[in-house]
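Visitor: sequence and computational prediction follow.
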Amino acid sequence: MISVLITFLSSCSNNKYDKLYPQSPAAATTCDTSTTLSYANDIETIIASNCFSPGNGCHDATGSGVSGFNYQTSITSLQSNALNGSLLTDINFMPTRGHNSMPLNGARLSVCDIDKITRWVNEGAPNN
């Protein structure tokens, strides 16, 4: 009986898993942070889509009256928050005294976006 059970179980295989459950396009993409990242090409779109939307963002020209930081018209506030550590604290959802998890009331950024911003910050948050 045991030998029949062992034979039966050893004959089972999962060689069609990838056909039954193909990887989604999002999962198939890679996140390349091995090269120098550009603010204009890599970071600005992440910040724009998550931190400001004209008229309803926390860090656009209008929302900066409440948040105190306008990332839309100048990179200076963003660079300051990047270099003092608050940007990474906020986007990693590690709120400390005086910090909020960002985006405020939104979903956490993707791991790839966080990795890109982290790399950019570690490179000195250049305006490139």
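Guide: Arrived safely. Residues are numbered from 1 along each chain as shown.
Visitor: and D113, which of the three is it?
Guide: Under DSSP: H, G, I helix; E, B strand; the rest coil, D113 falls in the helix class.
Visitor: state the distance from it to S38.
Guide: Separation of D113 from S38 (CB to CB, to the nearest Å) stands at 15 Å. C-beta here means a position set from N, CA and C on the backbone, and glycine is covered the same way.
Visitor: and those two? Which one has more around it.
Guide: Shown here are D113 and S38; by other CB atoms under 10 Å, D113 has more neighbours (19 against 13).
Visitor: centre-most residue in the chain?
Guide: Central residue check for the chain by CA atoms, centre = their mean: the C-alpha nearest the mean position is that of D113, 2.8 Å away.
Visitor: how about that one: what's its closest non-neighbour residue?
Guide: Sequence neighbours aside, I46 is the residue nearest to D113 in space, at 4.9 Å (criterion: CB to CB, 6 or more residues apart in numbering).
Visitor: report the contact partners of the one you found.
Guide: L109, D113, K116, I117 (CB atoms under 8 Å, 6 or more residues apart in numbering).
Visitor: so it: helix, strand or coil?
Guide: helix.
Visitor: what does T36 give?
Guide: Taking three-state DSSP, the label given to T36 is coil.
Visitor: tell me who's in contact with it.
Guide: Residues counted as contacts of T36 (CB under 8 Å, 6+ apart) are E123, N128.
Visitor: so it versus T45, what's the distance?
Guide: In terms of CB to CB, T36 sits 17 Å off from T45.
Visitor: what do you get for Q72?
Guide: From Q72 to T45 the distance is 13 Å (CB to CB).
Visitor: who has more neighbours, these two?
Guide: Q72 (21 against 12).
Visitor: I'd say the more buried one and G57 touch.
Guide: Yes. Using CB atoms under 8 Å, Q72 is in contact with G57, at 7.2 Å.
Visitor: quick one, what contacts F69?
Guide: F69 neighbours (CB under 8 Å, 6+ apart): H59, S77, L78, N81.
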